[in-house]
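Enquirer: Quick one, structure for this:
(2 chains)
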Protein chains: 2
Amino acid sequence: MTLNIKVYKDLMGANDEWAGRIKQLVASKHIRMYNLIGAPGCGKTALLESLCKKLPDTHKIVVLEGDVETTRDAERIASLGIKASQLLTGGACHLEAKLVYHALVDILDDKTEIVFVENVGNLVCPAEFDIGETAKIAVLSVTEGEDKPLKYPLLFHVAKAVVVTKCDLLPYLDFNLQLCEKYINQVHHGLPVFKVSAKNGTGLEELVSWLLQSKT
Amino acid sequence: MTLNIKVYKDLMGANDEWAGRIKQLVASKHIRMYNLIGAPGCGKTALLESLCKKLPDTHKIVVLEGDVETTRDAERIASLGIKASQLLTGGACHLEAKLVYHALVDILDDKTEIVFVENVGNLVCPAEFDIGETAKIAVLSVTEGEDKPLKYPLLFHVAKAVVVTKCDLLPYLDFNLQLCEKYINQVHHGLPVFKVSAKNGTGLEELVSWLLQSKT
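Expert: Okay, the predicted model is just below:
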């Protein structure tokens, strides 16, 4: 199968101004836009693959994949029949709003209701840059240790939800889920936490309901 | 046990100049200095704990722990009886040489032969900032997926070795180690790859030999 992936790169500009334009754009179209932020290899793309399969009406979803290099992630999503573009940062460790805006304008159509943006794998800088999203979602895998909310507090502070991924691996790890939830709550009291496995489907229903019910 | 951990923060300056000073300092004392770079939760601290237990003469080792927040990692190392300081970046996603220099000057003594620096968990920016190290070591856990060398090529390009961690989890994952090694080799031909488990000790002997034999 040949996948026709658009690639965007190296667009920088006053971030807040471009984030404001995105906010207007998605509000005017009643689109929900989720900015997924997590460490490299925490399972963001696998989560998106499983969400895309689980969500009704895949023609209403578009995905923007942020990476330093390669179009691998956009290809994974596009191969499911979902509209996807690849955003390459040319070395930068986070997505900025100007790049996202230009990709959005091209990919949105009248059917779009949900936009997922997968940010560059990094727990620090992506949390500092608004891209006009409805919500930032922190993604944390159970293989990473319980203390990440304490060590990278800004992300957990600005996020509207946490998705704890790879829960199928819990039996093989010393990861203490309860302690991790305690730390999350310590940084951001009352933040919803979804415990999922993209591999066996655990917890995806609850996350899908939350995504569909969030205010635009 | 009360651990007396020194904390350093927010020292910025012309990076290359400070990196040059570190290079001179460690060369004059015949110290090997390793800069460990990997994603959050890839097991850098656990690797250091197991290396500190495995290396002969623990009084010859010092550890500098880089993080955005918390002194947890320096406390973990210090509780093993190893000299450790905590370097806090105050929000920055990587260590810079000025901060490292000041911490080094305070912690080195006449017995020091090996310095481990654990950089902030991040595969992008730490690779761009020299800190006068003998070698950067890329740390990649088997839970992260095979494609990280392709998606974060700079780190694998500048590293002098790769440590693949958490190999005890391989039976429970779809991770293809051979493919990962192919990708590493594609980005940096001939780079040594050590496959280890801090949990069960696999592969640590080979890594320790390499660390002790590397040129200062």
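Enquirer: Could you tell me how many residues sit around the residue nearest to A:Lys60 when sequence neighbours are not counted?
Expert: Counting by C-beta to C-beta, 6 or more residues apart in numbering or on different chains, A:Glu113 is the residue found nearest to A:Lys60 once chain neighbours are left out, at 4.1 Å. Quick note: C-beta positions are derived from backbone N, CA and C, even for glycine. By other C-beta atoms under 10 Å in any protein chain shown, the residues close to A:Glu113 number 16.
Enquirer: how close does A:Glu113 sit to chain B?
Expert: Taking C-beta to the nearest C-beta, to the nearest Å as the measure, A:Glu113 falls 29 Å from chain B.
Enquirer: Distance-wise, check that residue relative to A:Phe129.
Expert: 24 Å (C-beta to C-beta, to the nearest Å).
Enquirer: Quick one: low-confidence residue ranges for chain A.
Expert: Chain A contains residues with pLDDT under 70 at A:1-2, A:9-13, A:215-216.
Enquirer: so where do the helices sit in it?
Expert: Assigned helices in chain A, in chain order: A:15-28, A:44-54, A:72-78, A:97-107, A:148-151, A:153-158, A:177-187, A:204-213 (criterion: DSSP state H).
Enquirer: got those helices as JSON lines, with distance to B:Ala161 and mean neighbour count columns?
Expert: Formatted as JSON lines, these follow (distance: least, C-beta to C-beta, whole Å; neighbours: other C-beta atoms under 10 Å in any protein chain shown):
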{"stretch": "helix A:15-28", "distance to B:Ala161": "37", "mean neighbour count": "16"}
{"stretch": "helix A:44-54", "distance to B:Ala161": "27", "mean neighbour count": "21"}
{"stretch": "helix A:72-78", "distance to B:Ala161": "25", "mean neighbour count": "21"}
{"stretch": "helix A:97-107", "distance to B:Ala161": "34", "mean neighbour count": "21"}
{"stretch": "helix A:148-151", "distance to B:Ala161": "25", "mean neighbour count": "23"}
{"stretch": "helix A:153-158", "distance to B:Ala161": "30", "mean neighbour count": "20"}
{"stretch": "helix A:177-187", "distance to B:Ala161": "31", "mean neighbour count": "16"}
{"stretch": "helix A:204-213", "distance to B:Ala161": "39", "mean neighbour count": "15"}
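Enquirer: Would you mind putting those helices into a markdown table with distance to chain B alongside?
Expert: Supplementary listing: the helices of chain A in a markdown table, determined by distance: least, C-beta to the nearest C-beta, whole Å:
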| stretch | distance to chain B |
| --- | --- |
| helix A:15-28 | 16 |
| helix A:44-54 | 9 |
| helix A:72-78 | 6 |
| helix A:97-107 | 16 |
| helix A:148-151 | 5 |
| helix A:153-158 | 6 |
| helix A:177-187 | 10 |
| helix A:204-213 | 19 |
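Enquirer: of all these, which lies closest to B:Ala78?
Expert: For B:Ala78, the closest of these is helix A:148-151, at 17.0 Å, according to C-beta to C-beta.
Enquirer: just checking, what packs against the closest one?
Expert: Packing partners of helix A:148-151 (3 or more C-beta pairs under 8 Å, 6 or more residues apart in numbering or on different chains; DSSP states H and E): helix A:177-187.
Enquirer: Go ahead and name everything in contact with the helix it packs on.
Expert: A:140, A:142, A:146-150, A:153, A:156-157, A:162, A:164, A:170, A:191, A:193, A:195 (C-beta atoms under 8 Å, 6 or more residues apart in numbering or on different chains).
Enquirer: can I assume A:Val193 is in contact with A:Val162?
Expert: Yes. A:Val193 is in contact with A:Val162 according to C-beta atoms under 8 Å; the separation is 4.8 Å.
Enquirer: Okay, A:Asn4 and A:Thr89: tell me how far apart.
Expert: From A:Asn4 to A:Thr89 the distance is 22 Å (C-beta to C-beta).
Enquirer: Tell me the spacing between the spatially most central residue of chain A and chain B.
Expert: Residue closest to the average C-alpha location in chain A (C-alpha atoms, centre = their mean): A:Leu36, at 1.7 Å. From A:Leu36 across to chain B, the span is 15 Å (C-beta to the nearest C-beta).
Enquirer: same question, A:Pro40
Expert: From A:Pro40 to chain B the distance is 4 Å (C-beta to the nearest C-beta).
Enquirer: Contact partners for that residue?
Expert: A:121-122, B:39, B:123, B:144, B:148, B:151-152.
Enquirer: make it 10 Å
Expert: For A:Pro40, the contact set (C-beta atoms under 10 Å, 6 or more residues apart in numbering or on different chains) comprises A:67-68, A:120-123, B:38-42, B:121-124, B:140-141, B:144-145, B:147-148, B:151-152.
Enquirer: sorry, back to before: which residues are in contact with the residue nearest to the centre of chain A?
Expert: A:42, A:44-45, A:47-48, A:51, A:63, A:66, A:116-119, A:126, A:133, A:135-139, A:159, A:163.
Enquirer: do the same with A:Ala159
Expert: By C-beta under 10 Å, 6+ apart, the neighbours of A:Ala159 are A:35-37, A:127, A:135-140, A:149, A:184, A:187-188, A:191-192.
Enquirer: Of these, just say which sits nearest to A:Leu212.
Expert: Of these, the one sitting nearest to A:Leu212 (C-beta to C-beta) turns out to be A:Ala135, at 12.6 Å.
Enquirer: Correct me if wrong: that closest one contacts A:Val115.
Expert: No. If you go by C-beta atoms under 10 Å, A:Ala135 and A:Val115 don't touch, sitting 11.3 Å apart.
Enquirer: So between those two, which is more surrounded?
Expert: When A:Ala135 and A:Val115 are compared for neighbours, A:Val115 comes out ahead with 26 against 17, by other C-beta under 10 Å.
Enquirer: Now do that one against A:Lys29, distance only.
Expert: Counting by C-beta to C-beta, the gap from A:Val115 to A:Lys29 is 10 Å.
Enquirer: end to end, how far does stretch A:36-45 reach?
Expert: 10 Å (C-alpha to C-alpha, to the nearest Å).
Enquirer: centre of the chain versus it, how much separation?
Expert: Distance of stretch A:36-45 from its chain centroid, counting by C-alpha atoms, centre = their mean, to the nearest Å, is 8 Å.
Enquirer: Equivalent analysis for stretch A:183-200, please.
Expert: The answer for stretch A:183-200 is 14 Å, by C-alpha atoms, centre = their mean.
Enquirer: got the buried residues for it?
Expert: Using 16 or more other C-beta atoms under 10 Å in any protein chain shown as the test for burial, stretch A:183-200 gives A:183-184, A:187-188, A:191, A:193-199.
Enquirer: so which of those residues comes closest to chain B?
Expert: Within the buried residues of stretch A:183-200, proximity to chain B (C-beta to the nearest C-beta) peaks at A:Lys199, which comes in at 8.5 Å.
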